[in-house]
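**Student:** coords please:
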Amino acid sequence: MDTRAPGVPAGARERILDTAYELFTQRGIRDVGVDELIERAGVAKATLYRYFHSKEDLVDAFLQQREELWTLGWVEAETRRRGGTAEQQLLTIFDLFDEWFQREDFEGCSFVNVMLELGPRHPAGKASVQHIERVRRFLRELGEEAGVAEPDTFALSWHILMKGSIVLASAGDLDAAQRAKEMGATLIAQHRPAHQITA
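**Tutor:** Alright, predicted model coming up:
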């Protein structure tokens, strides 16, 4: 994914990271070798290692870029922009996902993919868990703004709906986001404080 302004040439580091982003999101970590990265980015091996001392460093940079582009730049920013209230913003997440699932380049959740591929004890797996937690903190924040009871539990449950819909979409269920949205509305109702339910 090219994040530069139009007409701005890519430096070597940006070309390497853009190439890694594309390949890692599409195929995972282990299937992509350093030689392929170098060839696709059009740089020398020494250049790659000047900016990234190891493939692990490049994976860390990829995960950070994924958080900046996907978590912060897309999910959080678009959710806030499109939804009026916090409750609407929570449901908007699944509208975003529905659009994402329909795209030909839908690639699933890179954080989950890396964690499952390398394991939660691998440094990149641990980093992925932290990035996943960043998403859950945002959900907790939205839950608190929406006034739900037990926002921590709510965020965990909402996250299950999100990740579950991504897995099902990866398996071919392109309507998974809309089903998850319906379940989300029920979840919000279940987490409304008692005085709101009886009012």
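
**Student:** any idea how the protein splits into domains?
**Tutor:** Split into domains by automatic domain parsing, the chain comes to 9-53, 55-198.

**Student:** quick check: the gap between Ala20 and Gly42.
**Tutor:** Ala20 sits 13 Å away from Gly42, going by C-beta to C-beta, to the nearest Å. Quick note: C-beta positions are derived from backbone N, CA and C, even for glycine.

**Student:** try Leu69
**Tutor:** 22 Å.

**Student:** out of Ala20 and Gly42, which sits in the busier spot?
**Tutor:** Ala20 (23 against 12; other C-beta atoms under 10 Å).

**Student:** ok so, going back, could I get the domains of the chain in TSV, plus columns for mean pLDDT?
**Tutor:** Conversion of those to TSV gives the following (pLDDT from 0 to 100):
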stretch	mean pLDDT
domain 9-53	93
domain 55-198	95
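
**Student:** after the helix or strand that contains Trp100, next one along is what?
**Tutor:** Assigning secondary structure by DSSP states H and E places Trp100 in helix 86-102. Going down the chain from helix 86-102, the next helix or strand is helix 110-118, by DSSP H and E.

**Student:** tell me the helix or strand right after that following helix.
**Tutor:** Downstream of helix 110-118 (by DSSP H and E), the next one is helix 123-146.

**Student:** buried sites along that next one?
**Tutor:** Buried residues in helix 123-146, counted by 16 or more other C-beta atoms under 10 Å: 124-125, 127-128, 131-132, 135, 138-140, 142-143, 146.

**Student:** identify the residues contacting that helix?
**Tutor:** 29, 56, 59-60, 63, 66-67, 71, 75-76, 79, 85-87, 89-90, 110-112, 114-115, 118-120, 151-152, 154-156, 158-159, 162, 188, 191 (C-beta atoms under 8 Å, 6 or more residues apart in numbering).

**Student:** now stretch 45-53
**Tutor:** Residues contacting stretch 45-53 (C-beta under 8 Å, 6+ apart): Ala12, Arg13, Ile16, Val34, Asp35, Leu37, Ile38, Ala41, Leu58, Ala61.
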